[in-house]
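> Fold the following.
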Amino acid sequence: MERTKLSTKLLGLSFVHIAVCLVFLKGFLLTRVELPDLSQCSPQDCRAEVQYTKAVVLIVDALRYDFVCENSSNDSAYRGKLPKTLAHVATAGPAAVATRFVADTPTITMSRLKALLTGGLPTFLDIGQSFSASALTEDNLLQHLLTRGKRLVVMGDDTWMQLAKDAFIEAYPYPSFDVHDLHTVDDGVQEHLVPLLSRPETWDILIAHYLGVDHAGHTYGVNSRHMSAKLQQMDDQVSQVIETLASQAGPGGAYEDTLLLVLSDHGQTQGGDHGGGTRDETDSVLLALSLRKMYQAAHKLHEASNPSAQSLQQHTSSLSTADPTQNSRPLLDQLVTAGGYSDPASPTHLSEQYPQLTPGPWFCNSSMSQIDLTPLVAHLLGVAVPFGNLGKIPPHLYAALAAGQDSGNSSTLGMHYDGAPVDDGASYPDWLMGYADALSANAEQVHRYLNRYAEVGGLPSADLASVNNLYIQVQQLRSRSSSSPGAVSHEAGTAGSRDLVLAQLTFLTSAADLARKRFTLFQQGPIWAGCALGVAVLAWQIRYCWRVIRGLAAAQAGMLDLASILLFTTLSAFHTLGLFS
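Okay, the predicted model is just below:
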C-alpha cells in the first residue's frame, strides 16, 4: 500500500515538474516558422536599370561601434582605432554613411548572417546552431543575386560555406573556432582579396569576412595590446581596399558602379563575449559608401577650385567635399526621426579629429537595425527583397547611396555639393518620390509576409489587425498621390510624397515591432509563472523529502524499503536541479 502511494507521488511529482518546465519554456524558447515562399521580381521591386553592378562587402567580425565611431584615446586600446578608414568616410561627404548598426539577439555570427541575408529575425533557438550552422533555406539575397546572374566570391569565416556553399564561384574558407589564432583567417583574406581586386572582370559580388578582432576579444579581452594591434591591422587593410577601389571609380573605371559596405555582425563585451543583448554585444558598425558619388563629389569640388584640371586621378588621395549641412534639411531630418534612426548617444566633437575634412551629414550620428540593410541592398542591386524581410529602407542611406536621382544632377538632398540650394528645390521632390516608390515595394513585401506568416505560424490577432490598418492607410495615400499627378502643384506633390513616406515608415516600424514581440522578446508572463510554480513545487519537494527521511529515522522502513526512499529522494534532487537550471 505504502509502495503504491509512493509510486503515485513520484509519478505526480514528475508530471508537475514537466508542466512547470513547459510553462517556463513557453515564454523562453521562442520559435519562428521558416516559410518556403519566394519573392518575385516585379517592375516595382527590381528596376531594369540597376544602380550598382558590383558590391564589395567587408565584414570585420565583432567590430564594436565605439571601435570606429568614438574619439580616439591614447590610453584606450580600442576606442576610435580605425582613423584612416573613418577619414575616407569623412572625405566622401554626403556619398557615405557611418552609423551604429544594431543587432538583434542572439548576437552570434550564424544568426546575424542569416538576418542580413534574409532581413528576418532569429530566435534564441538559433544559438544552438552557433557551432554547426545549417544551410540557409529561406528566401535570401544570395539566391536572388544568383538568379540575376551575379558571380559571387567569398573568403574568410567558414560559416559562409555552411550557410550557402553552392552560391559562390570562388570560395576561400578558413576554420573559425580556434579563438587563440588571431591571424590565419585575416592573413588568408588579404592574400586572396588583393589579387581579386586587380581582376574585377571575374566577379560581381565580393565578400571578405575577417575574424581577428573577434578572436582577440575572446582570448585577451577588449582592453588589451592584442586588440589594439589587431584594430590597427584592420584599419590598414580596409583603408587599402577603399583606396584601391577609389582609384578606379572614375568614368569608365572598373569600380564606377560599385557599392562598398564595411560592417560588423555583432559587438562584444569587455571580456570578448557575445550572444546576449547587452549594448556592447548589439552595437556593431556600418560604413556604406557610393564610389561613383564619392568620385562625383570630389570631381565637382576639384573643378571648382582648379578648372584647368583634366584628371581626378591625381586628386584621389586628397578627396574633400563641402559641408552639405550648412543648409537645413528639415524634411529629411523629419524622416530620419520618424524612422527611428536618430542616435542621441552618438559621440560628440568626433569631427574635430579630422579638421582638414568636412564629413557628410551622417557621420557617426545615426542608428539603424541590421535588418534594414537587407531591403536597401536589394533595391540598390536591382533584385527582389527576400520574402521574409522585416527591415525598412533607411532614408539617409537612400539619400547617400541611391544613384538614380544623381544622373547628370549634382543634388541629392535639395542642395549642391557647394552648399547652394537647388533652385526651387526641383530635385528634392524627385528624390522623395523615388524613395516613396522604394518604400512602397518594401511595405508591400512586409505586409505580404506578415499575413502569410499569420496563416502558418500565427500572430497576435489584435496586433496584426492594427498593423494591417496602417497598411490600408498607406494604400489610401498611395492611391491619392498617384490618381492625378499632373493636377497638383509642386508644393502639394512634395507634401503628398512626404505624408506617404511617413505613413510607410510608421507601418514598417510597427510591423517590425510586432515581429520582434513574437520572435525575439521573451514572454514575461509564462516565464514568471513558471518560476513561481517551480518555487512552490520545490518547497513541496523539500517538505516531503524531510518527512520521508524522518520516517526512516523512526524505523518505519518496514513499510517503506530503503531503496524506494533513496529513489524518491534522488528524483526529488534531480527535479530541484532541473528547476534551478
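> pLDDT value on the nearest residue to K150 once chain neighbours are set aside, please?
Of all residues not flanking K150 in the chain, D204 sits nearest, at 4.3 Å (CB to CB, 6 or more residues apart in numbering). C-betas here are computed from N, CA, C, even on glycine. In the predicted model, D204 carries a pLDDT score of 98.
> what about D204, how many neighbours?
Using other CB atoms under 10 Å as the criterion, D204 is surrounded by 20 other residues.
> ok, now how distant is it from A400?
In this view, D204 and A400 are 22 Å apart by CB to CB, to the nearest Å.
> For H226, list the residues it contacts.
Contacts for H226 were tallied using CB atoms under 8 Å, 6 or more residues apart in numbering; they are L182, A216, T219, Y220.
> before we move on, which element is it in?
With secondary structure defined by DSSP states H and E, H226 is part of helix 225-246.
> Was I right to think the residue nearest to K150 contacts Y52?
No - assessed by CB atoms under 8 Å, D204 is found out of contact with Y52, at 9.7 Å.
> Could you list the low-confidence segments of the stretch 101-250 of the chain?
Counting by pLDDT under 70, the stretch 101-250 of the chain has low-confidence residues at 123-133.
> and what of the stretch 251-400 of the chain?
For the stretch 251-400 of the chain, applying pLDDT under 70 flags the ranges 297-329, 346-358.
> which stretches of it form strands?
Shown for the stretch 251-400 of the chain, the strands assigned by DSSP state E, counting those that start in this stretch span residues 258-263, 283-290, 363-369.
> For the closest residue to W160 other than its chain neighbours, which three-state class applies?
Across the structure, with CB to CB, 6+ apart as the measure, the residue nearest W160 apart from its sequence neighbours is V154 (4.8 Å). On the three-state scheme (DSSP: H, G, I helix; E, B strand; the rest coil), V154 is labelled strand.
> can you give me the strands in the stretch 101-250 of the chain?
Listed in chain order, the strands found in the stretch 101-250 of the chain under DSSP E, counting those that start in this stretch are 152-157, 170-174, 205-210.
> Is it possible to get JSON lines of those strands that adds mean neighbour count?
Rendered in JSON lines, the data for the strands of the stretch 101-250 of the chain read as follows (neighbours: other CB atoms under 10 Å):
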{"stretch": "strand 152-157", "mean neighbour count": "24"}
{"stretch": "strand 170-174", "mean neighbour count": "18"}
{"stretch": "strand 205-210", "mean neighbour count": "25"}
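> and those strands as JSON lines, adding distance to D186?
Below are the strands of the stretch 101-250 of the chain laid out as JSON lines (distance: least, CB to CB, whole Å):
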{"stretch": "strand 152-157", "distance to D186": "8"}
{"stretch": "strand 170-174", "distance to D186": "9"}
{"stretch": "strand 205-210", "distance to D186": "5"}
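> about what we covered before: and the strands of the stretch 251-400 of the chain: which comes nearest G93?
With CB to CB, the closest approach to G93 among these belongs to strand 363-369: 8.9 Å.
> about what we covered before: so the helix holding H226 versus strand 283-290, what angle?
Calculated by axes from the mean of the first three to the mean of the last three CA atoms, to 10 degrees, helix 225-246 forms an angle of 20 degrees with strand 283-290.
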